[in-house]
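1. Structure for the following, please:
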Amino acid sequence: MKNTALIVGVSGIVGGNLAGLLTSQQDWQVYGLARTPGKREGVIPIAVDLQDSGAVRTALKDIKPTHIFLATWLRQRTEAENIRVNAGMVRHVLDAVSAAKSVRHVALVTGLKHYLGPFEAYGKGNLPETPFREEHTRLQLENFYYAQEDEVFTASIRDGFNWSIHRPHTIIGYAVGNAMNMGTTLATYASICKELRKPMRFPGSSVQWNSLTDMTDARLLARHLLWAATTPEAFNQAFNVVNGDVFRWSWMWKRIAEWFGVDAAGLAGEGIPLEKQLQGAELVWREIATKHDLAEPNLDRLASAWHTDADLGRPIEVVTDMSKSRKLGFTEYQPTDESFFQLFERLRAERLIP
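-> Presented below is the predicted three-dimensional model:
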């Protein structure tokens, strides 16, 4: 039986990598939904604004997906607005396909803000002990991740599909114009440091510099999504998803600097946020792009300093437990330094960094 996937957020770092995986499988037909889905080999594009429920119904009226992968969000000024907008987008999709009764599984990608709290109270208050485990109860805070989950749970009861929740740590992967993209952000920062002959200065906290942490490769996350959507033992479960190794930024920062041929400054006290370090760097990047004939001269399309600062500035250790997936049969592993290096190689091959 051929599966029909609807990837919501196909233009993003998660959706794009998932699309690449599913289109390589023989038994999947793939639809990719986004405001601007672009062209991807093997993907049928659907361009729609998810905030417009009527437009979503019209766009999906003739599509009968067996599997829906929800991998999109829109950042708002307050958490109340995050909840209204992002829960609404999930609801609009699930309501639009409800009548067809075709959906067998819905996968929702959220993240570690499930344990760390929303942007307004990020890393503060009474947080669970590390490593974070799926059985930790929700924080007593409003959180759009919880609201998105509740939309999936409600529709599952109504329509009878299975579900899975996926909580990656910071994602490393290829995507252009993505708001949560540390790998490409650090690549552009390192390239600017090299051009200016300055050392790379860690932008985060001393806690992050010295503590253990982990990350998630977007390609591994895609394989985890496919596994959970097709493995009965994984149905109706929430999962952490990380590469499987742990490291300290005091080590990884030097590895990244070495790859670019840049010096890595040691950390004395606290780091200097990237938003501050990259102030006024747009002109430098345009000069680099012209000099090296790069494909993207707009630094804002590549770097998301605010998000990298949030991740690296955490005042607590952040490390994640993967035992639940391992026990149920997902045993894939990805060294995180190789995730960075393979991304950098692709960015260079695509002429996005010099």
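2. Show the backbone phi and psi for K291.
-> phi -60, psi -40 (degrees, to the nearest 10).
3. Repeat that for H67.
-> Dihedral pair for H67: phi -140, psi 130, per degrees, to the nearest 10.
4. One more: P118?
-> Main-chain dihedrals, P118, degrees, to the nearest 10: phi -70, psi 170.
5. burial of it, as a residue count?
-> Neighbourhood size, P118 [other CB atoms under 10 Å]: 20. The C-beta positions use only the backbone N, C-alpha and C, and glycine is treated the same way.
6. can you tell me how far it sits from E81?
-> Using CB to CB, to the nearest Å, P118 is found at 11 Å from E81.
7. count of neighbours near the residue nearest to G173 when sequence neighbours are not counted?
-> Leaving aside its sequence neighbours, G173 sits nearest to A218 (CB to CB, 6 or more residues apart in numbering; 2.6 Å). Residues lying near A218 (other CB under 10 Å) number 27.
8. Please apply the same query to D159.
-> Counted by other CB under 10 Å, the residues lying close to D159 total 18.
9. Show me the shaky parts of the stretch 1-150 of the chain.
-> Residues of the stretch 1-150 of the chain meeting the criterion pLDDT under 70: 1.
10. quick one: secondary structure of T188?
-> helix (DSSP: H, G, I helix; E, B strand; the rest coil).
11. Can you dump the C-alpha atoms of the biggest helix by length in the chain in CSV for me?
-> Ranked by residue count under DSSP state H, the longest helix found in the chain is helix 79-98. What follows is helix 79-98, C-alpha atoms only, in CSV (Å, rounded to 0.1, in the frame of the first residue of the first chain):
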residue,chain,number,x,y,z
GLU,A,79,3.7,33.4,24.4
ALA,A,80,0.0,34.0,24.4
GLU,A,81,0.3,34.9,20.7
ASN,A,82,2.6,31.9,20.1
ILE,A,83,-0.1,29.7,21.5
ARG,A,84,-2.9,31.2,19.5
VAL,A,85,-1.1,31.2,16.1
ASN,A,86,0.8,27.9,16.3
ALA,A,87,-1.9,25.8,17.9
GLY,A,88,-4.3,27.3,15.3
MET,A,89,-2.1,26.2,12.4
VAL,A,90,-2.0,22.6,13.6
ARG,A,91,-5.8,22.7,14.1
HIS,A,92,-6.4,24.1,10.7
VAL,A,93,-4.5,21.3,9.0
LEU,A,94,-6.0,18.5,11.0
ASP,A,95,-9.5,19.9,10.6
ALA,A,96,-9.1,20.2,6.8
VAL,A,97,-8.3,16.5,6.3
SER,A,98,-10.7,15.2,8.9
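12. Please renumber the chain so that the first residue is 682 from this point on.
-> New numbering, starting at 682: the last item is helix 760-779.
13. buried ones in that helix?
-> Across helix 760-779, burial judged by 16 or more other CB atoms under 10 Å covers 760, 763-764, 766-778.
14. Look up the closest residue to K935, ignoring the ones flanking it.
-> A945 (4.7 Å).
15. just the strands in the stretch 882-1031 of the chain please.
-> Using DSSP state E, counting those that start in this stretch, the strands of the stretch 882-1031 of the chain run over 893-894, 897-898, 918-922, 928-929.
16. ok, and which of those has the densest surroundings?
-> Among the strands of the stretch 882-1031 of the chain, strand 897-898 has the highest mean neighbour count (mean count of other CB atoms under 10 Å), at a mean of 28.
17. Now do it, average pLDDT.
-> Throughout strand 897-898, pLDDT has a mean value of 98.
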